[in-house]
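> build the 3D model from these lines:
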Amino acid sequence: MRKVGSVGEETVKLIRRAAVELIAEHGFEAMSLRQLADEVGLTAGSLYNHIGSKRDLLNGLLRAVMEDLLAALTSQVLTQPNPILQLKAFVQLHIGFHIDRKNDVLIATTELRSLRPEHYRGIVKLRNRYEAILSRILRRGHARRLFKVSDTKIAALAIIPMLTGVSQWYRANGRFNRDELIERYVELCLTMVGAPRRKSPPLTALPDLNDESTVRAADFGAKPRRASSARTGLV
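Just a heads-up that it's a prediction; the model follows:
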């Protein structure tokens, strides 16, 4: 028996997936809602029942990227017992997320300019929170004399774009497999912050970051509907 609201949930998932692909391929301004509606088999008018406006849709996509990344950071990185393992887990999470959800991250990076000012400020606030958590990990490592880094904010600003860039050139059939590549970036980051060269327990594999099981229509600016409990989940 189909649960109440499941039709709406599946529709929103389809809209989100199609929107990410179309925006990544054509850009936000070039993508039309009619094009999006055709992609998911809806009329342009019925599309508004699920997304609100086009810019509400973009805000929902970008917000979901950062919220998913922050949630993973909390559950997979901050649960590690010391700053060295937290930094290792951060590198693993960041690279894995950006590889698994390359188009999501692409639009989150390139389409900030297309947001309304209030939405822009909200996304930047989430990005700053993410950066601040890495800075805090580095500060704790420095305080415990595990890291030799004088300016943790600068170090965080250097590490994040270095890791983000991997998704632009990584290929599964390249010189290194995914795990080997992440391990090399872990070593680079540990060297950057002056961590001691000693063995530590390996990290366990992180879960699939391409899971879209939680999708919420409200994230796309649509008005709440009694028949749907849809949730959208997506830097």
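> and Leu69, how far from Leu22?
Leu69 sits 22 Å away from Leu22, going by C-beta to C-beta, to the nearest Å. Backbone N, C-alpha and C define where each C-beta goes, glycine included.
> neighbour count winner among those two?
Taking neighbours as other C-beta atoms under 10 Å, Leu69 and Leu22 compare with Leu69 leading, 24 against 19.
> the more buried one contacts Gly96, doesn't it?
No. Here Leu69 lies out of contact with Gly96, judged by C-beta atoms under 8 Å, at a distance of 10.7 Å.
> how far is the lowest-mean-pLDDT helix or strand in the chain from where the chain is centred?
Least confident element among the helices and strands of the chain, by mean pLDDT, DSSP states H and E: helix 44-51 (a mean of 84). Computed by C-alpha atoms, centre = their mean, to the nearest Å, the chain-centroid distance of helix 44-51 equals 25 Å.
> so which bits of that helix are buried?
For helix 44-51, the neighbour count (16 or more other C-beta atoms under 10 Å) marks 47-48, 50-51 as buried.
> mind naming the longest helix for this protein?
Criterion DSSP state H: the longest helix present in the chain is helix 117-143.
> buried set for that one?
Using 16+ other C-beta under 10 Å as the test for burial, helix 117-143 gives 119, 122-123, 126-127, 130, 133-135, 137-142.
> tell me where this structure has strands.
Ranges of strands in the chain, per DSSP state E: none exist.
> how about the nearest residue to Pro196, chain neighbours excluded?
Leaving aside its sequence neighbours, Pro196 sits nearest to Leu146 (C-beta to C-beta, 6 or more residues apart in numbering; 7.0 Å).
> hang on, isn't that neighbour packed against Leu138?
No. Leu146 lies out of contact with Leu138 (C-beta under 8 Å); the separation is 9.6 Å.
> quickly list what's touching both of the two.
Residues touching both Leu146 and Leu138 by C-beta atoms under 8 Å, 6 or more residues apart in numbering: Pro83.
> for the protein, what are the low-confidence residue spans?
Scanning the chain for pLDDT under 70 picks out 1-7, 197-235.
> please enumerate the helices of it.
With DSSP H as the criterion, the chain has helices spanning 6-26, 33-40, 44-51, 54-72, 83-100, 102-110, 117-143, 152-164, 166-169, 178-192.
> give me whichever of these is most buried.
Across these, averaging neighbours per residue (mean count of other C-beta atoms under 10 Å) puts helix 83-100 on top, at a mean of 23.
> thinking again about what came up before, gap between the residue nearest to Pro196 and Arg140?
Leu146 is 8 Å from Arg140, by C-beta to C-beta.
> overlap in contacts of these two?
Pro83.
> which residues are in contact with the closest residue to Leu70 other than its chain neighbours?
Leaving out its chain neighbours, the residue that sits closest to Leu70 by C-beta to C-beta, 6+ apart is Tyr130, at 6.0 Å. Taking C-beta under 8 Å, 6+ apart, we find Tyr130 in contact with 66, 69-70, 73.
> which of those residues sit farthest apart?
For these, with distances taken as C-beta to C-beta, the pair at the greatest spread is Met66 and Leu73 (10.2 Å).
> is it true that Val105 touches Val65?
Yes. At 6.6 Å, Val105 counts as touching Val65 under the criterion of C-beta under 8 Å.
> hmm, Leu126 is touching Ala71, no?
No. If you go by C-beta under 8 Å, Leu126 and Ala71 don't touch, sitting 11.1 Å apart.
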